[in-house]
Every structure is written in structure tokens, then in C-alpha cells.
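[1] Give me a 3D structure for the following:
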Amino acid sequence: MKKTLYPFIFLLTFFFSTSPTQAQLLTDPAGIRLIQQGIDHIYNYEFEEATRVGQQVKARYPNHPVGYMLKAFQMYWQYLPIQTNKAKAQEYQNTLNQCLVAVEKQYGKESTNPEAVFFTMAAHGYRALMFNYQKELIKAATEAQSAYSAMMNGMKLTDRNPEFYFTTGMYNYYVEVYPNDHPIVKPIMVFFKNGNKPLGLKQVDTATRVGVITRAEACYYLAHIYLEHESQPERALAYSSKLNSWYPQNPVYKILHTEALLLAGRYAEATDDVNYLKRYSSGFYPIAWHTFQGILEEKKEKDDAQAQREYLAALRTPYDEQFTREYHAMAFAGLARIADRAGNKAQAKSYYKKCLEVAQYKSQIREAKAYLK
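    A predicted model of the protein is given here:
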């Protein structure tokens, strides 16, 4: 699963990281609980319930940016991947614009009020995500840079509020990793404060244990980091298991957990999850479960013929840049291994070359390059 540029992005959950003595909304415990309920419903794909909560939030805080931001957060999950849905993508952008207008009306232009700063950052962060998904990396990094000074202020508050461990840790990790993976942004990244990968991992892990609102995002991104960058699927499982337990109806979290099980070689445990995912027959889900079924056939059942059929089925559908690109890489690698076992070295090399064209995971890249030497 792929979501880059996140260390520079402030999602709705970050709002709760602001110092309670500074944010007006945080002086209303009932309001906080209401918003927390809405976020949990969104994560668990209970969108009707989330909509009702959103309406209550809007009624409780009329003309406040929080209503628009909560709506944007729900739209992001409900219409995933939203960037491919033209009608909803435009509504999503309009909602973010409404949020920015509400900020100016509520707090004044260029206000330094912590709530105003947050919502401005959040709106720019979502814009950065959209640009990133559309492969406009320079625009994405430029949008993200607008939140830089606020991020630095947040890093100073980490020890005072546990929710800051997530955003601070993500920054410390990805500000080092992202430019290496995307050299095109290096000229911009020189203006960002240096990070610290080991410290970043430690801080995000702390967020999974002491964070309240940010724990789900912290688990999701740590699982992804250990799969893509660190090549440690067993460690990824520690976090994907929590998500799978907390939000059993979230198919994105189910995909992540199933992938971690498969890459860790725990094929028997993954079988039920792969079968569960087959109920999702549209969108980007079939690419994932066809690839996963191919891995099971190849690694568990030792049935290369059936594995080949599954991998080819996965490749027949164009991948989604955000969510399923790596599954095409896995399918190509699987076909390469099958070709190699059949004695067809030329075909195996061809498949591995195609794998390298789309692969992002370090383990996948190493496998392909080792064969092509």
C-alpha cells in the first residue's frame, strides 16, 4: 500500500494534538468525543453513522472549519481512491476550499490562532496528497512546505502531548527517506530540517501505544514502512494486527494485514483473509486478492500453473498508483520465478525487468536486480 509525502501532511487527527489550553474546541469534552466517534465510524467503513455524526458536529459548531475537515476526511475514505472519481474529487476540493474560507471568516486572514493554523495546514496537506497521487511531486512538496513552520512548532510539543509523537516521528523518518526515493524533490527538500530515521521509528511506535486519536494512523504507517522500506514483515504484523482488530470492516487495513502475513511466510493464517477479500469484486481490490491468491498457490500449494493464472489475472487490470502498484510488481516477480523454474530464463528476465519498472518495495527490487545480474 502506498501513501507518500505523509510526514508533511496534517490529517484531521492532528487537530487533537494542539495544546488544550490554546484550542477552543478542545475545551468541549462532549465535542471531542463526538468527533472521535465520527473518526472511528469512518475508519470502520460505517459511513452512514459517520454522516450522522458529521451533521451533529456541523450543528454543534456552525460555520466552524472542523465540519468541513471532518467531511473531507470521510470523503477521502468513502470514495477511495478519490482522485479517480472526477465528480467526488471536485466536491472534495470544494470542501477543502470551504474549510479555508471558514478559517478566514472564523479567525481572520493569516491568523496565528492554533486552530486557524491547523485547519490551514490540513487543507494544504490534503492538497499535497492529491498532487502526490497525480504524480505532480513538485506541487505536492511545495504545498507541504507551507506547513513546515507549524510542524517545527509541533515537534517542540512532543513531550507535552502524546499525539505529537506520530507527526514528529513521521517527519523524522520520511524527511530522510522520501528524497532518496524521489530525487526530483531534492532541490526543495534542502530547505527542510534534517530528520532521524531510528528516532522517527521509535516516536511513531510510541504513538501506537500512547496516542489516542493518532494510534490508527501510526499503526498503518509503521506497518507500511516495515514492508516497503525496512523489509521486516514480522514487525509490520505487530501493527497490522492491531488495525485488523480495531477496524475489522476496513478492507484497506485487511489488505495491509494480509500482505504482511504473506510476506512473513504465514500462508495458512493469510488464507482466510484472502478469501474474505474476494467479496470485493470492483475497484482496486481484485488486483490485491488475485496477487495474494497467486502467492498462496505458488508458495503454499506449490501449484505454479494456478499461481500463474492468478498473477496474470492481477495484471489484466491497470494498477492504482496509490494502492496497488506494488501488487503488479509482486505478480511480475511471481511470474518470473515460475518461468525460471520452468527453465525459461529469458522470460524470467523479461518479467523481472517489468517488475523493476513498477516496484517500490526494497525487497522486491533486490530480488529482481539479483536475478538480472
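
[2] starting at the chain centroid, how far to the helix ranked longest in the chain?
    Longest helix of the chain, by residue count under DSSP state H: helix 86-107. Centre-to-centre, helix 86-107 and its host chain are 22 Å apart (Cα atoms, centre = their mean, to the nearest Å).

[3] Pull the contacting residues for the nearest residue to L222 once chain neighbours are set aside.
    Nearest residue to L222, sequence neighbours excluded (Cβ to Cβ, 6 or more residues apart in numbering): Y239, at 4.6 Å. (C-beta placed from N, C-alpha, C; glycine too.) Residues in contact with Y239 (Cβ atoms under 8 Å, 6 or more residues apart in numbering) are 208, 218-220, 222-223, 226.

[4] Tell me which of these fall in helices.
    Those of the contacts of Y239 lying in helices (DSSP H): 208, 218-220, 222-223, 226.

[5] Which of the residues in stretch 75-82 are classified as buried?
    75-77, 79-82 (16 or more other Cβ atoms under 10 Å).

[6] which among those gets closest to K349?
    P81 (32.3 Å; Cβ to Cβ).

[7] can I assume the closest one is in contact with L129?
    No - if you go by Cβ atoms under 8 Å, P81 and L129 don't touch, sitting 10.5 Å apart.

[8] Mind listing the shared neighbours of these two?
    Joint contacts of P81 and L129 (Cβ under 8 Å, 6+ apart) do not exist.

[9] if we can go back for a sec, could the ones in helices among the contacts of Y239 go into a markdown table alongside distance to F192?
    Below are the ones in helices among the contacts of Y239 laid out as a markdown table (distance: Cβ to Cβ, whole Å):
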| residue | distance to F192 |
| --- | --- |
| T208 | 25 |
| A218 | 21 |
| C219 | 25 |
| Y220 | 23 |
| L222 | 21 |
| A223 | 25 |
| Y226 | 24 |
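
[10] Of these, grab the buried ones for ChimeraX.
    Typed into ChimeraX, the next command selects the buried ones out of the ones in helices among the contacts of Y239 (criterion: 16+ other Cβ under 10 Å):
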select :208,218,219,220,222,223,226
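
[11] between the ones in helices among the contacts of Y239, which is closest to D272?
    A223 (18.8 Å).

[12] So that closest one sits against S240, correct?
    Yes - contact criterion Cβ under 8 Å: A223 and S240 qualify, at 4.3 Å.

[13] between those two, what contacts are shared?
    256-257, 260.

[14] Please produce CSV containing those residues, extended by distance to A122, pLDDT and neighbour count.
    What follows is those, written out as CSV (distance: Cβ to Cβ, whole Å; pLDDT from 0 to 100; neighbours: other Cβ atoms under 10 Å):
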residue, distance to A122, pLDDT, neighbour count
L256, 24, 96, 25
H257, 28, 98, 24
A260, 29, 98, 26
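
[15] tell me which of those is nearest to I365?
    Nearest member of those to I365, counting by Cβ to Cβ, is A260, at 18.5 Å.

[16] shouldn't that closest one be in contact with A223?
    Yes - if you go by Cβ under 8 Å, A260 and A223 touch, sitting 6.2 Å apart.

[17] intersection of neighbour lists for these two?
    236-237, 240.

[18] Which ones among these lie within helices?
    Per DSSP H, the shared contacts of A260 and A223 map to helices at 236-237, 240.

[19] Buried members of those residues into PyMOL, please.
    Selection of buried members from these for PyMOL, criterion 16+ other Cβ under 10 Å:
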select buried, resi 236+237+240
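
[20] closest to S111 among the ones in helices among the shared contacts of A260 and A223?
    S240 (39.5 Å).

[21] how far away is the closest residue to that closest one other than its chain neighbours from P248?
    In space, and not counting its chain neighbours, S240 is closest to H257: 3.9 Å by Cβ to Cβ, 6+ apart. Noted for H257: a distance of 10 Å to P248, by Cβ to Cβ, to the nearest Å.

[22] so where is the stretch 151-300 of the chain shaky, pLDDT-wise?
    Within the stretch 151-300 of the chain, the segments meeting pLDDT under 70 span 151-163, 212.

[23] All the helices of it, residue numbers only.
    With DSSP state H, counting those that start in this stretch as the criterion, the stretch 151-300 of the chain has helices at 164-181, 186-189, 197-210, 215-228, 233-246, 251-263, 267-277, 285-295.

[24] Can you tell me which of these is nearest to Y45?
    So among these, helix 251-263 is nearest, using Cβ to Cβ, at 7.3 Å.

[25] I would like the residues contacting that closest one, please.
    Against helix 251-263 from outside (Cβ under 8 Å, 6+ apart): 1, 43, 45, 80, 220, 223-224, 227, 233, 236-237, 240-241, 243-244, 247-248, 267, 269-270, 273-274, 276-277, 280, 285, 288, 292, 295-296, 299, 323, 363.

[26] Could you chop this protein up by domain?
    6-239, 265-372 (automatic domain parsing).

[27] Save the ones you listed as CSV, and put in distance to V252 too.
    Shown next, in CSV, are the domains of the chain (distance: least, Cβ to Cβ, whole Å):
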stretch, distance to V252
domain 6-239, 7
domain 265-372, 7
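
[28] can you tell which of the helices of the stretch 151-300 of the chain is closest to A336?
    Of all the helices of the stretch 151-300 of the chain, helix 285-295 comes closest under Cβ to Cβ, at 12.3 Å.

[29] what's the farthest-apart pair in the buried residues of stretch 75-82?
    Going by Cβ to Cβ, the pair spanning the buried residues of stretch 75-82 furthest: M75 and P81, at 11.5 Å.

[30] In TSV, list the buried residues of stretch 75-82 along with pLDDT and secondary structure.
    Formatted as TSV, the buried residues of stretch 75-82 follow (pLDDT from 0 to 100; DSSP: H, G, I helix; E, B strand; the rest coil):
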residue	pLDDT	secondary structure
M75	95	helix
Y76	90	helix
W77	93	helix
Y79	93	coil
L80	89	coil
P81	88	coil
I82	88	helix
